[in-house]
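>>> only geometry, no sequence info:
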């Protein structure tokens with residue numbers, strides 16, 4: 001035991017340094033997210049995360065949104081267990097053939113108007129798995145997608161920005177439709 005402790009003392013810390021995160025960017029994106037969620041969803045956006053066959057890298061980053069540092073719930077965004085309670089679906093991974101029917105079922109169970117975001121490179125275009133005998137590839141090959149968050153995996157801040165962009169895009173679309181109905 002003393003030999004191991006001596007080795008640890010000689011070598012020191014060998015882990016990577018913690019990446020610096022821009023606090024001001026996090027606060028700015030969070031405040032914008034809170035404003036858009038307040039306007040469109042009555043102050044609370046419910047998200048259902050769906051793993052359609054990923055390596056779990058994206059899931060780890062999505063779960064980081066709930067930790068005490070990012071704490072996305074303070075901006076009015078929370079995760080739900082049932083698609084029947086969700087306003088948005090975050091879908092990760094290339095859609096495996098085994099998950100295709102389940103993903104369609106979750107999509108159909110989510111009430112309208114719903115937003116769907118493909119997360120990560122695999123969700124966007126199939127990633128390194130592509131389309132094969134076991135994979136349908138991109139999420140958009142199975143269900144309609146409203147937004148894509150690129151990255152392998154995307155950081156929690158990138159996820160927040162992607163959610164914000166999808167909400168803003170939906171708001172712009174509904175504003176444009178209202179203007180067309182008035183004219």
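Yep, it's here. For clarity, every value in this text was computed on a predicted model and none was experimentally measured.

>>> okay, now the unreliable bits of this protein?
Under the criterion pLDDT under 70, the flagged ranges of the chain are 174-183.

>>> ranges for the strands of it?
Using DSSP state E, the strands of the chain run over residues 45-51, 77-79, 88-92, 115-119, 147-149.

>>> can you lay out those as a markdown table showing distance to residue 21 and mean neighbour count?
Where C-beta positions appear, they are placed from N, C-alpha and C, glycine not excepted. Below are those laid out as a markdown table (distance: least, CB to CB, whole Å; neighbours: other CB atoms under 10 Å):
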| stretch | distance to residue 21 | mean neighbour count |
| --- | --- | --- |
| strand 45-51 | 21 | 21 |
| strand 77-79 | 18 | 19 |
| strand 88-92 | 21 | 27 |
| strand 115-119 | 19 | 26 |
| strand 147-149 | 17 | 23 |
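
>>> pipe these into CSV and attach distance to residue 39 per row.
Formatted as CSV, these follow (distance: least, CB to CB, whole Å):
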stretch, distance to residue 39
strand 45-51, 11
strand 77-79, 14
strand 88-92, 15
strand 115-119, 14
strand 147-149, 18
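
>>> nearest to residue 27, of these?
Comparison of these against residue 27 by CB to CB identifies strand 77-79 as nearest, at 14.7 Å.

>>> pull up the pairing partners for the closest one, direction included.
Taking DSSP bridges as the criterion, strand 77-79 sits next to strand 45-51 (parallel) in its sheet.

>>> tell me the angle of the strand it pairs with relative to strand 88-92?
On the basis of axes from the mean of the first three to the mean of the last three CA atoms, to 10 degrees, strand 45-51 is oriented at 20 degrees to strand 88-92.

>>> quick check: bridge partners of the nearest residue in space to residue 85 that is not next to it in sequence?
Leaving aside its sequence neighbours, residue 85 sits nearest to residue 46 (CB to CB, 6 or more residues apart in numbering; 5.4 Å). Beta bridges link residue 46 to residue 78 when assigned by DSSP bridges.

>>> burial count for the closest residue to residue 149 other than its chain neighbours?
In this structure, residue 149 finds its nearest non-sequential neighbour in residue 162, 3.4 Å apart by CB to CB, 6+ apart. When neighbours are defined as other CB atoms under 10 Å, residue 162 has 20 of them.

>>> who's in contact with residue 162?
Counting by CB atoms under 8 Å, 6 or more residues apart in numbering, residue 162 touches 117, 119, 147-149, 154.

>>> which of the residues you listed sits closest to residue 61?
Distance to residue 61, by CB to CB, is smallest for residue 154 among those, at 6.1 Å.

>>> and the closest one, what does it touch?
Neighbours of residue 154 in contact, by CB under 8 Å, 6+ apart: 58, 61, 119-120, 162.

>>> and what of residue 96?
The neighbours of residue 96, taking CB under 8 Å, 6+ apart as the test, are 52-53, 134-136.
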